[in-house]
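Undergrad: Next come a sequence and a model predicted from it.
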Amino acid sequence: TATDKNLGPAILEMDQYIARAHSDHLGNTSQYTEISAQAAHDLDIANYRRILQLTVDDLRMDPESVAYFTKKLCGDRDKDGVVQMPPHLQLPYFYLLPKIHKNPWKTRPVVSGVSTVNEPLSKWIDIHLQRVIHLCPAYLRDSWHLLRELRELPPLPPDAICFTADAVSMYTNIDNHHGIETIGLWFTLHKAELPTNFPTVKILEGLDIIMRNNVFSFGNRFFKQANGTAMGTPCACSYATIYFSYHEEPQLLQPVIAPIFYRRLIDDAFVIQHNTPHGYTNFMQAMNSFGQDGARLEWESPGPCRAVDFLDLNIQLNRDGSLTTSTFQKPMNLYLFRPPASAQPPSILYVLIYGTLHQLFWQNSKQNMFETFALKFFQRLQARGHSASKLAQLFLKAAACVDVSSIPVPKPPNNNLGGPDGTCFLHLRFHPQDIPRRDIPKLFSAICLPASQDLGFDLNRMIVAYSRAPNISDNVRRNRLDESVDTTLVVSGSAVSD
């Protein structure tokens, strides 16, 4: 199986994998309820009908959204004219990602919601939440966002300290009723700043469907998530971010307790504050005071210091008031870059080299640290079989571009429910002996474009979207356990079969 944090593959005995799924997660009856296969499929159909009623059947829904849901959810009609569920929609499935960087190792539960009934609605909700998530003052988009903000900080006071905080199982510990209610209260708090015709009511009704009806399979068993943020759903990150922001804005960021700097990426927070008596303790108590009794989020912190690892950065506060950053890499990362024999477009290697050098260049405040990490990257590519001479050419080419680069500016959220207008996508499995990629659009312009115009199709360009050929990992790694796998017989912490 794959591992958490993308640290490479892990090998687990099937019995142990099933046993850990139950002991770590599915055995918690306050979070998961086992149901029959028929009940699971009945609930899936009920969700389908409820989502159609909320979207396609509602005359108040805007035409673009109606077209989106019609395309994603509406199959053929039966003899009575009733729209049927398309055959490609499937029930979500549960799997684990081992957290091998923890000691002792733990597991992350994942529910794959790809090609499921709830996926289009959750994506629609996420698109709208992304339009307003910038209103959360502590919101972090990614580590690039953090780098930009750290560079804009004025000199820090001599007594500045920093620390990180991590929410314990944030998704599963957000009570459904309190979570949806809090999102509504946050909308009210920012009512004057919301876009015109922002679909507040539809979002809350949609969240009620998504969060309360997460049904999935695990081998031959079926479960319904009893409480907590629906795992694997596209809107989960935005939902959790806005949820805790409703506590941050009136509590954590007020002048009485406000730190010098505070930013959060979902369940990971970074804080800089004055080193005052009880300052750290009071702030952590305030972080841990949100939620209903018995269902409050719990935040853990290793404590204050002057240097921390946060996301993929090491951040150090200097005595002169400045701040130094360097790249943080997990010790267990195997760096399994694709070897040169892998069937992939030649440009992939250069894109990897430029992207990595660009990131290292801006993450490391000191030149010698950038050079250290760049050399390690070169050596890791060599270890995967790439020749030093070819790498040297690509590194020099990329370095010349990195020298004149800048920190990326975040793009505005994509609010388009469909693809680009007038564009078609050609999905091809890459093969090294195929015709060059640049020749395919020429053929499209010469042959397909005139024909499409004669037929009245609104097409003006084509994008070639390559997919990779199957590899060894696809054959040996299993995420989904199909219904032929018996996951019911668990005795004394291990699964057994007949």
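TA: Ah, there it is.
Undergrad: Tell me the secondary structure of residue 428, please.
TA: strand (DSSP: H, G, I helix; E, B strand; the rest coil).
Undergrad: burial of it, as a residue count?
TA: Counted with other C-beta atoms under 10 Å, residues neighbouring residue 428 total 13. Every C-beta, even on glycine, is put in place using the N, C-alpha and C of the backbone.
Undergrad: For it, give me its contacts.
TA: 434, 464, 465, 466, 467 (C-beta atoms under 8 Å, 6 or more residues apart in numbering).
Undergrad: Just give me the closest of those residues to residue 369.
TA: The closest of the contacts of residue 428 to residue 369 turns out to be residue 466 (C-beta to C-beta; 35.2 Å).
Undergrad: hang on, the closest one is in a strand, isn't it?
TA: Yes. Using three-state DSSP, the assignment for residue 466 is a strand.
Undergrad: Looking at the contacts of residue 428, which two lie furthest apart in space?
TA: 434 and 465 (13.6 Å).
Undergrad: out of those two, which sits in the more crowded spot?
TA: residue 434 (13 against 9).
Undergrad: Which element, helix or strand, includes the residue lying closest to residue 8 once chain neighbours are set aside?
TA: Distances taken as C-beta to C-beta, 6 or more residues apart in numbering put residue 334 closest to residue 8, at 3.8 Å, once the chain neighbours are dropped. Using DSSP states H and E, no element contains residue 334; it sits outside every helix and strand.
Undergrad: Report the separation between residue 334 and residue 380.
TA: 9 Å (C-beta to C-beta, to the nearest Å).
Undergrad: hang on, the earlier thing: these two touch, right, the residue nearest to residue 8 and residue 6?
TA: No. Taking contacts as C-beta atoms under 8 Å, residue 334 lies outside contact range of residue 6: 9.5 Å.
Undergrad: if I look at the residue most central in space within the chain, how far off is residue 99?
TA: Nearest to the mean C-alpha position of the chain, by C-alpha atoms, centre = their mean, lies residue 237 at 6.9 Å. Using C-beta to C-beta, we find residue 237 at a distance of 19 Å from residue 99.
Undergrad: Same question for residue 270.
TA: If you go by C-beta to C-beta, the gap between residue 270 and residue 99 works out to 21 Å.
Undergrad: And the two? Which one has more around it.
TA: It is residue 270, of residue 270 and residue 99, that has more neighbours when counted by other C-beta under 10 Å, with 24 against 17.
Undergrad: OK, contacts around the more buried one?
TA: 146, 162, 164, 261, 262, 263, 264, 308, 310, 315.
Undergrad: So if I had to pick from residue 334 and residue 380, which one is more boxed in?
TA: Shown here are residue 334 and residue 380; by other C-beta under 10 Å, residue 380 has more neighbours (16 against 12).
Undergrad: Could you verify that the more buried one is part of a strand?
TA: No. Judged by three-state DSSP, residue 380 forms no part of a strand; its state is helix.
Undergrad: With adjacent residues omitted, what lies nearest to it?
TA: With C-beta to C-beta, 6+ apart, the residue lying closest to residue 380 is residue 335, at 4.5 Å.
Undergrad: dump the residue contacts of the one you found.
TA: If you count contacts by C-beta under 8 Å, 6+ apart, then residue 335 has 380, 383, 384 around it.
Undergrad: Make CSV from those residues and add pLDDT and distance to residue 82 to it.
TA: Shown next, in CSV, are those (pLDDT from 0 to 100; distance: C-beta to C-beta, whole Å):
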residue, pLDDT, distance to residue 82
380, 97, 57
383, 97, 59
384, 95, 55
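Undergrad: Can you add distance to residue 298 and give the residues you listed back as CSV?
TA: Below are the contacts of residue 335 laid out as CSV (distance: C-beta to C-beta, whole Å):
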residue, distance to residue 298
380, 37
383, 41
384, 41
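Undergrad: Residue 257: which element?
TA: Going by DSSP H and E, residue 257 is not in any helix or strand.
Undergrad: And the strands in the stretch 351-498 of the chain?
TA: Secondary structure of the stretch 351-498 of the chain by DSSP state E, counting those that start in this stretch: the strands cover 423-429, 461-467, 490-491, 494-495.
Undergrad: Out of the ones you listed, which gets nearest to residue 25?
TA: Across those, closest to residue 25 is strand 490-491 (C-beta to C-beta), at 12.6 Å.
Undergrad: excluding its backbone neighbours, what's nearest residue 138?
TA: residue 264 (4.8 Å).
Undergrad: What's the local residue count around the residue lying closest to residue 136 once chain neighbours are set aside?
TA: Spatial nearest neighbour of residue 136, chain neighbours left out: residue 245 (3.8 Å); criterion: C-beta to C-beta, 6+ apart. Neighbours of residue 245 under the rule other C-beta under 10 Å: 23.
Undergrad: quick one: contacts for the nearest residue to residue 274 once chain neighbours are set aside?
TA: Using C-beta to C-beta, 6+ apart and skipping the chain neighbours, the partner closest in space to residue 274 is residue 159 (5.4 Å). The neighbourhood of residue 159, defined by C-beta under 8 Å, 6+ apart, consists of 274, 275, 276.
Undergrad: ok, now residue 383?
TA: Counted by C-beta under 8 Å, 6+ apart, residue 383 has contacts residue 335.
Undergrad: picking up where we left off before, let me have the strands of the stretch 351-498 of the chain in JSON lines, adding mean pLDDT and distance to residue 209 as columns.
TA: Formatted as JSON lines, the strands of the stretch 351-498 of the chain follow (pLDDT from 0 to 100; distance: least, C-beta to C-beta, whole Å):
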{"stretch": "strand 423-429", "mean pLDDT": "88", "distance to residue 209": "30"}
{"stretch": "strand 461-467", "mean pLDDT": "87", "distance to residue 209": "31"}
{"stretch": "strand 490-491", "mean pLDDT": "50", "distance to residue 209": "32"}
{"stretch": "strand 494-495", "mean pLDDT": "46", "distance to residue 209": "33"}
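Undergrad: Can you name the next helix or strand after whichever strand or helix holds residue 53?
TA: Applying DSSP H and E as the criterion places residue 53 in helix 37-54. Using DSSP H and E, the helix or strand that follows helix 37-54 towards the C-terminus is helix 63-73.
Undergrad: Outside of whatever helix or strand comes next after that following helix itself, list whatever touches it.
TA: For helix 63-73, the succeeding helix or strand toward the C-terminus, using DSSP H and E, is strand 93-99. Residues outside strand 93-99 that contact it (C-beta under 8 Å, 6+ apart): 1-5, 10, 12, 17, 20-21, 24-26, 105-112, 216-218, 223, 479-481.
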